[in-house]
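# predicted structure and sequence below. I'll ask about it afterward.
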Amino acid sequence: QVQLVESGGGLVQTGGSLRLSCAASGRTFSSNAMGWFRQAPGKEREFVAAISSGGSTYYADSVKGRFTVSRDNAKNTVYLQMNSLKPEDTAVYYCAAKRGYFSLSYYRYDYWGQGTQVTVST
């Protein structure tokens, strides 16, 4: 069993930055792939970024060059550094964990955090 707790969300102006953290419990964190997803009101949950257990990363085109995903296995934590934020980045952000390699599909993830709200004002 893995429990995930996100933090770091908030209100920021366009062009600003935020860093989200996702703290994981359990001894299998280092072997799990981790993903970040987001969901805006009235929209489906969408893939944002992912990182494999070995550190390989993948990004949605909409955030490539602005967001960076990283992990610290010693701290059982995955991060999402978000720069140059835009109003369209406004959403609830979720981290998720899965065994094996990462996936762009949210339904392939086994564990989810409760989400953290990110609001980007104009």
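Here it is on my side, so go on.
# poorly predicted segments of the chain, please.
Scanning the chain for pLDDT under 70 picks out no residues.
# in it, which residue is most central in space?
Among the residues of the chain, the one closest to the centroid is W36, at 2.5 Å (C-alpha atoms, centre = their mean).
# can you pull out the residues in contact with the strand or helix carrying that residue?
Here W36 sits within strand 32-39, counting by DSSP states H and E. Strand 32-39 is touched from outside by 2, 20, 22, 24, 45-53, 69, 71, 78, 80, 89, 91-103, 106, 109, 115, 118, with contacts defined as C-beta atoms under 8 Å, 6 or more residues apart in numbering. Yep, even glycine has a C-beta here, placed from its N, CA and C like the rest.
# if we use 7 Å, what do you get?
Contacts to strand 32-39, defined as C-beta atoms under 7 Å, 6 or more residues apart in numbering, come from residues 2, 45-53, 69, 71, 78, 80, 91-102, 106, 109.
# ok, back up a step: find the nearest non-adjacent residue to the residue nearest to the centre of the chain, please.
Among residues not flanking W36 along the chain, V48 sits closest, at 4.3 Å (C-beta to C-beta, 6 or more residues apart in numbering).
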